[in-house]
Structures are given as C-alpha cells and as structure tokens.
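Undergrad: A predicted structure for the sequence below; I have some questions about it.
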Amino acid sequence: MQSERFNLLSLREAMDILGVSRATIDRWRKDKQLPHIKIGKEIWIDPDKLQAWVKLHAIAGKQHVSESVSSPQVITIGYQSGAALLWSPLVMKQLGLFEEELRRIRPSMAYQVSWVNAPN
C-alpha cells in the first residue's frame, strides 16, 4: 500500500499565503465559511478549496465595489453649532477632514456625507 501525504496546508501556511493574521482567519472561518478541516486541535486547509474560496470572495468583493460606486453610501453626521464643546465637527466639516479620511480608508467606495445641525 502506497503512503501518500495529504495535500493540506497548516493554518500558519494559509496565513502566510494570504498575508493575514490568525484573528482574520478565525473571523473568515466563522463569518465567511472559509473551508477548513479540524483534526483535534489542529486546523488544516485544502489548498484547492482555499483557492476557489478566494476567487469566489474576490468576485463578490468586485461586485460589491461596483454596486457601491453606482449608489454612494450616505453617512449622516449630526452636530450642535451652539455648543462650544462640539466645535470639532464644524471644523471637520469646513476642512473636509471626515470625507478625506473616508477616501483614505476606502478609496473604491463612494460616500455622500450629510452634515445636520441637530437641535440642542
């Protein structure tokens, strides 16, 4: 009988290939059904299933980005112009700092920021 090694990646190898942390792998296993095999306390990943999973989520991510470009996400920020302690939102609004930070964090996402002078 011929002895063959299972073609599985250790968790560390998968983390290195994807360039992500253990916390990210754990979150993907829980939230996005990252395919894995658990034997005892060890977690193994089939490289073919991993590649298919990455392609599937890359396509889904591209569709999500294209949808978000066509319809911008609306973010409403309330502030009180009469309160001296809350002037920082007014400065952020005037200088466009919040919008700049959104573009830095997610350049592919379209945002529409609505600033609302809320009642006291």
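TA: Arrived safely.
Undergrad: Pick out the least confidently modelled helix or strand of this structure, by mean pLDDT.
TA: helix 47-70 (a mean of 70; mean pLDDT, DSSP states H and E).
Undergrad: Please read off the pLDDT at Ile37 from the model.
TA: The model reports Ile37 with a pLDDT of 90.
Undergrad: What about the residue lying closest to it once chain neighbours are set aside, how many residues nearby?
TA: Computed as C-beta to C-beta, 6 or more residues apart in numbering, the closest residue to Ile37 that is not its neighbour in sequence is Trp44, at 4.6 Å. The C-beta positions use only the backbone N, C-alpha and C, and glycine is treated the same way. As a burial measure, Trp44 scores 16 neighbours (other C-beta atoms under 10 Å).
Undergrad: same deal with Ser10?
TA: Neighbours around Ser10, by other C-beta under 10 Å: 12.
Undergrad: Could you say which helix or strand holds the nearest residue to it once chain neighbours are set aside?
TA: Among residues not flanking Ser10 along the chain, Trp44 sits closest, at 6.6 Å (C-beta to C-beta, 6+ apart). Assessed by DSSP states H and E, Trp44 sits inside strand 42-45.
Undergrad: Sheet partners, orientation included, of that strand?
TA: strand 9-10 (antiparallel), strand 37-39 (antiparallel) (DSSP bridges).
Undergrad: who touches that strand?
TA: 6, 8-11, 13-14, 29, 34-38 (C-beta atoms under 8 Å, 6 or more residues apart in numbering).
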